[in-house]
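Asks: here's a sequence, model it:
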Amino acid sequence: MKANVILSGLCSFVLIACSSGQINTGEAIAPFINENEITGFIERGDTYESVVLEYSLDTPNGDELQFASCPSIENTSESNVDTSQFYLLQLIKKNCIAAKYYYQSLSTPVYKSYLPNAINEEFIVNLPATTVPDLGGQFLEQRSGILKEFEEKIEVLSESENSIELALSDDLVINYVVMARGDFNKDGIEDMILRLDWYISSAFGKGFELVSVTQKGEDKPYFVGRL
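Replies: From the prediction side, this is the model:
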């Protein structure tokens, strides 16, 4: 089985949290897509449809299911994939959602951003406490305020320019990965798409979710939406 990835989708923005580091420039800010997180990426192309991938998963009967584009990934259901690889299908679908947003943003110039150049602990812990995976039930509804005020435990496990992995309370581990940046909601201000790669260290359970983040002014709270 080969491994490759990309992304597609949008959201309603939810108000919460506030923050620090920001950029404000009079020059256009180029949209960004994190190709390092697109495993098996071959060629970017000028449109979402023209991105070339080389990726494959296994079918339930052991055949190889090949993917060469995001549209082919979008049209694949879990029933087409071996159950042991459902989480990989989920990953590449999330990646294609992010890629679609990136390509949609190419036609919209962005001149302002209040988001940091690189993510770090300070940025993540000031996001809404709901910037975690949806584990079902009333899990998200019970989370209020910002992450650093809600969590009893926050430990940095690893960090790079475009990702930071945190261990939170109740054995929840999340790697926050920047997948794309651009004006995704067409308001002239830069937004960010984060992929949340999560697992429970003491139990079975892992997955991937996408959220969008924006800040509309230096002293404004963050808006976070699920994609």
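
Asks: from Y176, how far out is E159?
Replies: Separation of E159 from Y176 (CB to CB, to the nearest Å): 10 Å. Using the backbone N, CA and C atoms, a C-beta is placed for each residue, glycine as well.

Asks: mutual contacts of those two, please.
Replies: Residues touching both E159 and Y176 by CB atoms under 8 Å, 6 or more residues apart in numbering: E165.

Asks: tell me which helix or strand the spatially most central residue of the chain sits in.
Replies: With distances taken as CA atoms, centre = their mean, R195 lies nearest the centre of the chain, 2.2 Å away. Following DSSP states H and E, one finds R195 within strand 191-200.

Asks: likewise for A99?
Replies: Per DSSP H and E: helix 86-105 holds A99.

Asks: buried ones in that helix, by neighbour count?
Replies: 88-105 (16 or more other CB atoms under 10 Å).

Asks: and the strands in the chain?
Replies: 14-18, 23-24, 32-33, 41-43, 52-53, 55-58, 64-67, 112-113, 154-160, 163-168, 172-182, 191-200, 206-215, 221-226 (DSSP state E).

Asks: does F123 touch P116 like I think?
Replies: Yes: assessed by CB atoms under 8 Å, F123 is found in contact with P116 at 5.2 Å.

Asks: who's more crowded, these two?
Replies: Neighbour totals were compared for F123 and P116, and F123 leads with 20 against 16 (other CB atoms under 10 Å).

Asks: wait, isn't the residue nearest to the centre of the chain in contact with A180?
Replies: No: counting by CB under 8 Å, R195 does not reach A180; the two are 9.3 Å apart.

Asks: ok so, going back, the helix holding A99 to strand 191-200, inter-axis angle?
Replies: Here the directions of helix 86-105 and strand 191-200 differ by 170 degrees (axes from the mean of the first three to the mean of the last three CA atoms, to 10 degrees).

Asks: what packs against helix 86-105?
Replies: strand 32-33, strand 55-58, helix 70-74, strand 172-182, strand 191-200, strand 206-215 (3 or more CB pairs under 8 Å, 6 or more residues apart in numbering; DSSP states H and E).

Asks: residues touching I124, list them.
Replies: Taking CB under 8 Å, 6+ apart, we find I124 in contact with T131, L147, I164, L166, Y176.
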